[in-house]
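Q: whatever this is, show me its structure:
(one chain, ligands or ions: 1)
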Amino acid sequence: MSILVTGGTGFIGSHTCVELLEAGYDLVVFDNFANSKPSVIDKIVDITGKGFKFYHADMADKNSLERIFSENDIDCVIHFAGYKAVGESVEKPLMYYQNNITGTLNLLETMSEYNVKRIVFSSSATVYGIPKSVPITEDEPLSVTNPYGRTKLMIEDILRDLYVSDNSWAIILLRYFNPVGGHPSGLLCEDPNGIPNNLMPRILDTAFGKQDKINVFGNDYPTVDGTGVRDYIHVLDLAKGHVKAVERIMRVNDIQAINLGTGRGYSVLELIKTFEEVNNVKVPVEFAPRRPGDVAECYADTRKASEMLGWKAQLGVTEMCRDSYRARLMLEHGSDDK
Ligand SMILES: NC(=O)c1ccc[n+]([C@@H]2O[C@H](COP(=O)([O-])OP(=O)(O)OC[C@H]3O[C@@H](n4cnc5c(N)ncnc54)[C@H](O)[C@@H]3O)[C@@H](O)[C@H]2O)c1
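A: Residues are numbered from 1 along each chain as shown. Model prediction:
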């Protein structure tokens, strides 16, 4: 069985390629390296000892997509490709709509032409906007606070419309909470091309002296220690969730939105403290005012993932902090020696 992975050299895509290859699937992967590096291809092969077909292609280019679908017998698609930085999306909304929306429309049109009607889409907990209560179930009303989030919600809506028009499609919208960590080999991790946005890359930059302290936005939330609480999930667990999602879309034709989180929230300070303890390093903190749009607490109700996919996160914050640090050591020094 052959799976097309879009954005497969990115952070979550590369880990998912490893899990899919190890589960015995044949892969066709494409990426334009907007936010990843060609060297990731060899790393996936090194970890798994298995090869796959790779195309350097942009989903904006319909001809490239036509070529990929005409040259391969694809059974289903996992769609990671897209831009993902919230702040950048506020500054450059058209770039985000162009890349994420137009690219996805090109992909879906090509899939329709080639009668490939099974897709797992990378959505995000960002579609819950400011949730009314936690843990967040999949039926929470949807709303968004920035253009990045809007592209996720728009693509979810496009896929829901597509399913209404033709219920022979099988669609899973995976709503990720906060992916962190890296491959335990140290070979794969989050390695963005620009300035990092998310908390873990910023913790790593501070631990490696690239910035002298980390800004923590808000210490007066009604949480355990005043800092925001999030549902961090190890990228390996997330990757395994995709293997389960593929198993389901090959069996059942419907559309489902499913949270992928651990169901347990950790505060920013708890995560930083765990990181310091596990890796025996210092991460100096400076408090800054709350950021508009940030919520006090956000963590998943994970029952649907467990019931529909038979999936549950296995790894905790210790592994998340250890594997993130090890992967960054390998990246900086070529080994995991300090
Ligand atoms: N990492 C997170 O915190 C998070 C949370 C929720 C949802 N998501 C979503 O999951 C998906 C994967 O996220 P990630 O963290 O691996 O991001 P990433 O940036 O590491 O991976 C995305 C990949 O898509 C590629 N890409 C972008 N535009 C492309 C295009 N037009 N054509 C071909 N390739 C293109 C990039 O080069 C990159 O390799 C994204 O859609 C993201 O929005 C991520």
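Q: and the stretch 101-250 of the chain, which residues reach the ligand?
A: Contacts of the stretch 101-250 of the chain with the ligand, taken as C-beta under 6 Å from any ligand atom, map to 103, 122, 124, 176, 179, 198. Quick note: C-beta positions are derived from backbone N, CA and C, even for glycine.
Q: swap in 5 Å and give it another go.
A: Within the stretch 101-250 of the chain, the positions near the ligand by C-beta under 5 Å from any ligand atom are 103, 122, 124, 176, 179.
Q: helix, strand, or coil at the nearest residue to I74 once chain neighbours are set aside?
A: The shortest distance from I74 to any residue that is not its chain neighbour, by C-beta to C-beta, 6 or more residues apart in numbering, is 4.7 Å, and that residue is L4. Judged by DSSP: H, G, I helix; E, B strand; the rest coil, the three-state class of L4 is strand.
Q: and for L4, the neighbour number?
A: Other residues near L4 number 26, with proximity taken as other C-beta atoms under 10 Å.
Q: nearest to Y266 among the residues of the stretch 101-250 of the chain next to the ligand?
A: Using C-beta to C-beta, P179 is the member of these that sits closest to Y266, with 13.7 Å.
Q: tell me the residue of the chain that sits nearest the ligand?
A: When scored by C-beta to the nearest ligand atom, the chain has G10 as its residue closest to the ligand, at 2.0 Å.
Q: where does that residue land on pLDDT?
A: Residue-level confidence at G10 comes out at 97, pLDDT.
Q: contacting residues for it?
A: Contacts were defined as C-beta atoms under 8 Å, 6 or more residues apart in numbering; by that measure G10 touches 31, 35-36, 80-81.
Q: check those residues against the ligand, which are close?
A: With respect to the ligand, and counting by C-beta under 5 Å from any ligand atom, the subset of these in contact is 31, 35-36, 80-81.
Q: let's have those residues in CSV, adding pLDDT and neighbour count.
A: Converted to CSV, the ones next to the ligand among the contacts of G10 look like this (pLDDT from 0 to 100; neighbours: other C-beta atoms under 10 Å):
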residue, pLDDT, neighbour count
D31, 98, 27
N35, 95, 20
S36, 95, 21
F80, 98, 24
A81, 98, 26
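Q: of these, closest to R248?
A: Comparing the ones next to the ligand among the contacts of G10 against R248 with C-beta to C-beta places F80 closest, at 17.7 Å.
Q: just give the nearest non-adjacent residue to the closest one, would you?
A: Nearest residue to F80 in three dimensions, chain neighbours excluded: G7, at 3.5 Å (C-beta to C-beta, 6+ apart).
Q: over to that neighbour: give its phi and psi.
A: Summarising the backbone geometry of G7 under the convention degrees, to the nearest 10, its torsions are phi 70, psi 30.
Q: over to F177?
A: Backbone geometry at F177, expressed as degrees, to the nearest 10, gives phi -90, psi -110.
Q: next up, the contacts around it.
A: With contact taken as C-beta under 8 Å, 6+ apart, F177 is in contact with 125, 230-233, 259-262, 298-300.
Q: from these, which land in strands?
A: Those of these mapping onto strands are 230, 232-233, 259-260, 298, per DSSP state E.
Q: can you redo the residues you listed as TSV with distance to V18, pLDDT and neighbour count?
A: Rendered in TSV, the data for these read as follows (distance: C-beta to C-beta, whole Å; pLDDT from 0 to 100; neighbours: other C-beta atoms under 10 Å):
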residue	distance to V18	pLDDT	neighbour count
R230	25	97	23
Y232	20	97	27
I233	16	98	28
N259	23	98	28
L260	17	98	28
C298	28	95	22
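Q: out of those, who's nearest L21?
A: Closest approach between those and L21, by C-beta to C-beta: L260, at 20.0 Å.
Q: quick revisit: thought A81 was touching the residue nearest to F80, still the case?
A: Yes: judged on C-beta atoms under 8 Å, G7 makes contact with A81 at a distance of 3.3 Å.
Q: overlap in contacts, those two.
A: Listed as contacting both G7 and A81 by C-beta under 8 Å, 6+ apart are 13, 31.
Q: mind saving the C-alpha coords of stretch 18-38 as PDB?
A: The C-alpha atoms that make up stretch 18-38 are tabulated as PDB, following Å, rounded to 0.1, in the frame of the first residue of the first chain:
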ATOM      1  CA  VAL A  18       9.800   6.800  10.000                       C
ATOM      2  CA  GLU A  19       6.700   5.200  11.800                       C
ATOM      3  CA  LEU A  20       5.000   4.400   8.400                       C
ATOM      4  CA  LEU A  21       8.100   2.800   6.900                       C
ATOM      5  CA  GLU A  22       8.600   0.800  10.100                       C
ATOM      6  CA  ALA A  23       5.000  -0.300   9.900                       C
ATOM      7  CA  GLY A  24       5.700  -1.600   6.300                       C
ATOM      8  CA  TYR A  25       4.000   1.000   4.100                       C
ATOM      9  CA  ASP A  26       5.500   2.200   0.800                       C
ATOM     10  CA  LEU A  27       5.900   6.000   0.800                       C
ATOM     11  CA  VAL A  28       5.900   8.700  -1.800                       C
ATOM     12  CA  VAL A  29       7.000  12.000  -0.200                       C
ATOM     13  CA  PHE A  30       7.200  15.500  -1.400                       C
ATOM     14  CA  ASP A  31       8.400  18.800   0.100                       C
ATOM     15  CA  ASN A  32       9.600  22.100  -1.300                       C
ATOM     16  CA  PHE A  33      12.000  22.600   1.700                       C
ATOM     17  CA  ALA A  34      10.400  25.900   2.600                       C
ATOM     18  CA  ASN A  35      10.900  24.900   6.300                       C
ATOM     19  CA  SER A  36      13.000  21.800   6.200                       C
ATOM     20  CA  LYS A  37      16.300  20.400   4.800                       C
ATOM     21  CA  PRO A  38      17.100  17.800   2.100                       C
END
